[in-house]
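# return a 3D structure for these sequence lines:
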Amino acid sequence: NISVRGEPASRRENMEPKLLILIILHFGISTQHWCGYQPRWQSRQVESYDYNYESEEIILQDTTLTYMVNDRLSSDSSTDSTDSSTGLNLQTGIFTAPIKKDGYLVTLTAQLVSPRQTEMFSYAQLFILKNGNLESLQNYLLVEMGKVGDLRVEVNMDKGDTLQVFVGHHVESKRIGSYRYDGFNLESVRFCIF
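All right, here's what the predicted structure looks like:
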C-alpha cells in the first residue's frame with residue numbers, strides 16, 4: 001500500500017466517501033428554506049374576529065397569520081407544506097425548527113392597502129414570536145399604508161423551537177359618520193426562514 005502523509009491508502013480511500021457525504025449533508029441542510037405567502041389577510045380567513053358594534057369596525061388582531069397552501073409563492077424545501085412536525089406549516093402559520101441552528105435568517109415583508117374612496121389612515125402590527133413569546137423589539141414590524149414593511153432578523157433556535165407571525169393591531173374597516181370604509185387589508189405578506 002502506498003501512503004500519503006503517513007496514512008495507509010486504504011484508510012484514506014475509506015475517509016473520502018465519508019467526507020463527501022458530510023459535505024453534501026452540510027450544504028443540503030444549510031440551503032433549506034421555508035416561505036409562506038398571504039396575498040390578502042381578510043376576516044373570512046380568520047376563525048374568529050372582533051366586530052366593534054359601536055364603530056362597526058372589523059378587527060383582525062391577536063391571531064397568528066396563516067398562508068396560502070398550494071401557492072407558488074409559499075414553499076417548503078424539505079417537507080410537505082402540511083407537515084406539522086418540522087418546517088413551516090402553512091395552515092397553522094407555525095414554523096418548527098428541524099435542527100438546532102445559531103442564526104436562522106428570517107424575513108417578513110408586508111404592505112397595507114388604502115381603500116380608494118378615502119384618505120383615511122390605518123396601520124398594522126406584526127410580531128415574530130419565538131415559542132409564543134416576543135423576545136426582542138427587533139422582531140416587531142409596523143406596517144404603514146403606502147409603504148412596504150420590511151423586517152430582517154437572525155434567530156437562534158433549538159430543534160423543536162417555533163416561530164410564528166402574530167398580528168397585533170389590524171382593522172379591516174372603519175366607520176365615519178354614516179359611511180363605512182372597507183379594505184384596510186394587509187397584503188402581499190411574505191414570511192421566509194433560511
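
# does residue 138 count as helix, strand or coil?
Under DSSP: H, G, I helix; E, B strand; the rest coil, residue 138 falls in the helix class.

# next, count neighbours for residue 99.
Counted by other CB atoms under 10 Å, the residues lying close to residue 99 total 13. All C-beta atoms are positioned from the backbone trio N, CA, C, and that covers glycine.

# likewise for residue 161?
Residue 161: 16 neighbours (other CB under 10 Å).

# what's the answer for residue 134, then?
Counted with other CB under 10 Å, residue 134 comes out at 14.

# who's in contact with it?
For residue 134, the contacting residues are 127, 128, 140, 166, by CB atoms under 8 Å, 6 or more residues apart in numbering.

# which among those gets closest to residue 191?
Checking the contacts of residue 134 against residue 191 with CB to CB, the nearest one is residue 128 at 8.2 Å.

# spatially nearest residue to the closest one (excluding sequence neighbours)?
Among residues not flanking residue 128 along the chain, residue 139 sits closest, at 4.1 Å (CB to CB, 6 or more residues apart in numbering).

# shouldn't that neighbour be in contact with residue 153?
Yes - judged on CB atoms under 8 Å, residue 139 makes contact with residue 153 at a distance of 6.0 Å.

# any shared contact partners between these two?
With CB under 8 Å, 6+ apart as the test, residue 139 and residue 153 both reach residue 128.

# compare the two (neighbour count), which wins?
residue 139 (21 against 17).

# now do the nearest residue to residue 147 once chain neighbours are set aside against residue 143, distance only.
Closest residue in space to residue 147, ignoring its immediate chain neighbours: residue 111 at 7.0 Å, by CB to CB, 6+ apart. With distances taken as CB to CB, to the nearest Å, residue 111 is found 7 Å from residue 143.

# which neighbours do those two share?
Joint contacts of residue 111 and residue 143 (CB under 8 Å, 6+ apart) are 149, 186.

# buried set for stretch 145-156?
By neighbour count with 16 or more other CB atoms under 10 Å, stretch 145-156 contains the buried residues 149, 151, 153, 155.

# between those residues, which is closest to residue 35?
Set against residue 35, the nearest of the buried residues of stretch 145-156 by CB to CB is residue 151 (14.2 Å).

# is that closest one in contact with residue 128, as I believe?
Yes - here residue 151 reaches residue 128: they are 7.2 Å apart, a contact under CB under 8 Å.

# show me the contacts for residue 120.
114, 174, 176, 181, 184.

# in what helix or strand does residue 128 lie?
Under the criterion of DSSP states H and E, residue 128 resides in strand 123-130.

# buried residues in that strand?
Judged by neighbour count using 16+ other CB under 10 Å, the buried positions of strand 123-130 are 123, 124, 126, 127, 128, 129, 130.
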